[in-house]
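In: Take a look and give me a structure for this.
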Amino acid sequence: MISVKPFFRRRTTRKIYCTVLTLIGLALTACNNQSGLSISVNTDQIEMGRSVRVQAKYTPAAGDTTRVMLMPYVNGKRWGAHEFPDSVGKALFLLPLPNPGLAQIDVAVVPCDTTLWCGLKDYTPYLTGQPALDKDPRSNIVSVEVTSRTIPERPKGNTTFVSQWEPWFMPGSMWTTAQAVPLLGFYDFTNRDVLRQHLLWLMDSKADAVLFDWSNHIWGCKHWSERGDGVNAIIHNTEIALEVMASMRDEGLPVPQAIIMPGLSNGPPGTMEALNEELDWIYHYFIRNPRFKGLWYEFDGKPLAVILDTGAMGVKEGTTESAFRVPLFKMTLGWSAEEIDRLRQSNPPVNDSRFTVRWMSSQNQKTGHDKLGYWSWMDGSLKPTVTYKDGVAECTTVNPACFAETGWTAPEAWGRRDGWTYLESFKVALEHRPKVVMLHQFNEFTGQATRGYGPDGNIYADSYSVELSDDYEPVSLTAPGFRGDKGGWGFYYLNLTRALVDVYNGTVNDVTLMAVAPPHIINEKLSVHWTTVGVEPENYTLSIDGTVVADSVTETGMTLPIEGLTPGEHTLTVTANGVGTRYALSPYEFDTPTNELQPVIIEKQFIIP
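Out: Prediction:
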């Protein structure tokens, strides 16, 4: 045996030992003075299109009061809504993961450079899909395995559910007036991962078709060739979406079919020549493309084209007076009634040789355009119009919220009311059971900033705030929006859409869906309203802070005394008796229906001042 002596001296050992202690002390001091960010996930494996919950904990350096935002990344690219850490440094991300394979997730710390709602003067480097920046401090990396899954074919019923899908998000879009932050982050419509996730959600929520909005393409044009560059960009976006749909179909997934919505009059009217040239171009470039064969939704034996025409230019019986009943239309159409009437009468007919054409207006409760056969983009009524043709219900449009003829901030508008408005509008579809139900709408996220339409600048359309908007794409529950909202609806409206379609299609016939509008105090009483779809409850029980205050209630609204309640937050509970549900309607994730019926109970917080 060979003996080897240790090659050190005791004195040297003591010096090394002291040096190590010194370094440890310095490291501990550094830990106390430097910032840190750690993340964890609730699972290490999910199915594609589902979401993982990422919990972040940010610790600033001692004395550092810099406002920061947290940016999630997946496989080195921006993905997901930004979040701001709360008062204790925590933030929750709900990250959908659309692609099978390994997803490596980390989060970057980005200092805010503005007090604006989105945190940054220039958000461009952090738009969805952008690569990570070396300058940003990063968290640890967590890995999640994303597995493939099958999606069952949609039931073949007598009604087609069509989701209005906006392709207008161009590369570099700044989302400056978005009322909420999508769970995918601020995206553009050329990002194939975004489109894939959208389509997975649309399939999961049982949309049969999607409606591509091309409604602004020929404003004031005499010919299709006069279209602007922005129009070509939306065409490009649409083509990418069709490519993604075709690729997902190749995987065996039941992708929704496609419908294009050109426009004739929405802004300054185009000519019928321009519209017919556009339809001819769509047919030859898109419909005849072998790659897209089978993707087009057919109605009465031909691909469907839905043409937005708020000025009722498409039929000789139309009148500009009917359109001008809506102040917004009078302003956006931009022409005098005499000019529009003259063009209407001189226009040739639409060329419907290759398409089944259906005209679409909006605010039909005011214009009466449904009587001319027009479908509706959105009506400003809890009971949307139903368009009939030859005595058969053909189309109605349901929505989570709606504005009437004078916009979102007018008293005639109906806000979301936590799903109450959606259920009320959906009852019209259940009653009439038309051939087509428009789901208004998946993703809009835009609106007027400080001044709306009209001479007083007080007519706000599109989106206004979380409450006064109609999108149902999942959004962050906590990231602020343009109007100062402290987060949005999460998965709630996507889950509600899926549940309503299941009830309509008879996929389930034993459930009750209930929505309770936010309670509010009027004349020192608590006013509360609720509504249900599905199996009718026997009655309802209302409790405040666990104490029953009304039992065996048969109405769907009442006022409750609040005498004796102390100032501060309280909980109202509404229970639907004698019924059950299989849908949690979770804001945190896409629902998996339960095998057993669950109680129908909703809790709402309210504050006594």
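
In: tell me the domain boundaries of this protein?
Out: Annotated domains of the chain cover 36-147, 160-505, 512-608 [automatic domain parsing].

In: Go through the ones you listed and pick out the most buried.
Out: Mean neighbour count (mean count of other CB atoms under 10 Å) peaks for domain 160-505 among these, with a mean of 20. Placement of C-beta: from N, CA and C, glycine included.

In: In terms of helix, strand or coil, where does Gln532 fall?
Out: Quick fix: residue 532 reads Thr, not Gln. With DSSP: H, G, I helix; E, B strand; the rest coil as the basis, Thr532 sits in strand.

In: doesn't Val511 make contact with it?
Out: No. Using CB atoms under 8 Å, Thr532 is not in contact with Val511; the gap is 10.1 Å.

In: Dump the domains of the chain into a markdown table; add mean pLDDT and distance to Glu153 as well.
Out: Formatted as a markdown table, those follow (pLDDT from 0 to 100; distance: least, CB to CB, whole Å):
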| stretch | mean pLDDT | distance to Glu153 |
| --- | --- | --- |
| domain 36-147 | 97 | 16 |
| domain 160-505 | 97 | 5 |
| domain 512-608 | 97 | 17 |
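
In: can you put those domains in TSV and add distance to Arg154?
Out: What follows is these, written out as TSV (distance: least, CB to CB, whole Å):
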stretch	distance to Arg154
domain 36-147	16
domain 160-505	6
domain 512-608	16
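
In: Check which element follows the helix or strand that contains Thr396 along the chain.
Out: If you go by DSSP states H and E, Thr396 is part of strand 392-398. Past strand 392-398, further along toward the C-terminus, the next helix or strand under DSSP H and E is helix 420-432.

In: Please list the outside residues in contact with that next one.
Out: 159, 382-384, 386, 393, 396, 398-402, 414-416, 437, 493, 496-497, 500, 503-504, 513, 515-517, 529-533 (CB atoms under 8 Å, 6 or more residues apart in numbering).

In: helix or strand right after that helix?
Out: Helix 420-432 is succeeded, C-terminally, by strand 436-443 (DSSP H and E).

In: Lys486: what's it in contact with?
Out: Here Lys486 is in contact with 478, 480 (CB under 8 Å, 6+ apart).

In: A strand includes it, no?
Out: No. Lys486: not assigned to a strand; according to three-state DSSP it is coil.

In: Please enumerate the helices of the stretch 101-250 of the chain.
Out: In the stretch 101-250 of the chain, helices defined by DSSP state H, counting those that start in this stretch lie at 192-204, 229-250, listed in chain order.

In: quick one, which of these is nearest to Leu279?
Out: Between Leu279 and the helices of the stretch 101-250 of the chain, the shortest separation by CB to CB is 13.7 Å, and it involves helix 229-250.

In: what's the following helix or strand after that closest one?
Out: The helix or strand immediately downstream of helix 229-250 is strand 257-265, counting by DSSP H and E.

In: That following strand to helix 229-250, inter-axis angle?
Out: 160 degrees (axes from the mean of the first three to the mean of the last three CA atoms, to 10 degrees).

In: Show me what strand 257-265 is packed up against.
Out: With contacts taken as 3 or more CB pairs under 8 Å, 6 or more residues apart in numbering; DSSP states H and E, strand 257-265 sits against strand 209-214, helix 229-250, helix 272-282, strand 302-309.

In: Outside of the first one itself, which residues are in contact with it?
Out: Applying CB under 8 Å, 6+ apart, the contact partners of strand 209-214 are 160-168, 202, 231, 234-235, 238, 241, 256-263, 297, 306, 438, 442.

In: List the pairing partners of it within its sheet, with orientation.
Out: strand 160-165 (parallel), strand 257-265 (parallel) (DSSP bridges).

In: Can you redo the helices and strands packed on strand 257-265 as CSV, where the extra columns are distance to Glu589?
Out: Shown next, in CSV, are those (distance: least, CB to CB, whole Å):
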stretch, distance to Glu589
strand 209-214, 23
helix 229-250, 22
helix 272-282, 38
strand 302-309, 33
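
In: Tell me which of those lies nearest to Ala576.
Out: Minimum separation from Ala576 across these (CB to CB) falls at strand 209-214, 32.8 Å.

In: As JSON lines, the helices of the stretch 101-250 of the chain with distance to Thr177 would be great.
Out: Shown next, in JSON lines, are the helices of the stretch 101-250 of the chain (distance: least, CB to CB, whole Å):
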{"stretch": "helix 192-204", "distance to Thr177": "19"}
{"stretch": "helix 229-250", "distance to Thr177": "17"}
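
In: what about Thr409, distance to Tyr453?
Out: 11 Å (CB to CB, to the nearest Å).

In: make that Ser51, sorry
Out: Counting by CB to CB, the gap from Ser51 to Tyr453 is 37 Å.

In: counting contacts, what elements does the biggest strand by length in the chain pack onto?
Out: Looking across the chain with DSSP state E, the single longest strand is strand 568-581. Secondary-structure packing of strand 568-581 (3+ CB pairs under 8 Å, 6+ apart): strand 512-516, strand 525-534, strand 539-544, strand 598-608.

In: Against Lys383, how distant is the closest residue to Gly415 other than its chain neighbours?
Out: Distances taken as CB to CB, 6 or more residues apart in numbering place Glu467 nearest to Gly415, at 4.2 Å, with adjacent residues excluded. The spacing between Glu467 and Lys383, counted by CB to CB, is 20 Å.

In: How about Thr160?
Out: Counting by CB to CB - Thr160 and Lys383 are separated by 21 Å.

In: With Gln197 instead?
Out: 34 Å.

In: Contacts for stretch 580-591, please.
Out: So stretch 580-591 is contacted by 49-51, 53, 94, 201, 204, 419, 477, 489-492, 494-496, 498-499, 502, 508, 510-514, 534, 593-595, 597-600 (CB under 8 Å, 6+ apart).

In: so how far is the first residue of it from its last?
Out: Stretch 580-591 has an end-to-end distance of 16 Å (criterion: CA to CA, to the nearest Å).

In: now it: how far from the chain's centre is it?
Out: 17 Å (CA atoms, centre = their mean, to the nearest Å).

In: switch to numbering from 36
Out: All set: I'll call the first residue 36, so the last point we hit is now stretch 615-626.

In: Phe517 is nearest to which of the helices of the stretch 136-285 of the chain?
Out: Closest among those, using CB to CB: helix 227-239, at 20.4 Å.

In: elements contacting the closest one?
Out: For helix 227-239, the contact count by 3+ CB pairs under 8 Å, 6+ apart identifies strand 125-131, strand 195-200, helix 264-285, strand 471-478, helix 527-540 as packing neighbours.

In: mind checking which of the ones you listed is nearest Gly353?
Out: Of all the helices and strands packed on helix 227-239, it is strand 471-478 that lies closest to Gly353, at 20.7 Å by CB to CB.

In: The spatially most central residue of the chain: helix or strand, and which one exactly?
Out: Geometric centre of the chain, nearest residue: Glu508, 2.0 Å, by CA atoms, centre = their mean. Using DSSP H and E, Glu508 sits within no helix or strand.

In: Can you give me the distance of it to Val584?
Out: For Glu508, the distance to Val584 - CB to CB - is 37 Å.

In: same question, Asn558
Out: Noted for Asn558: a distance of 17 Å to Val584, by CB to CB.

In: Likewise for Trp259?
Out: On the measure of CB to CB, Trp259 and Val584 end up 63 Å apart.
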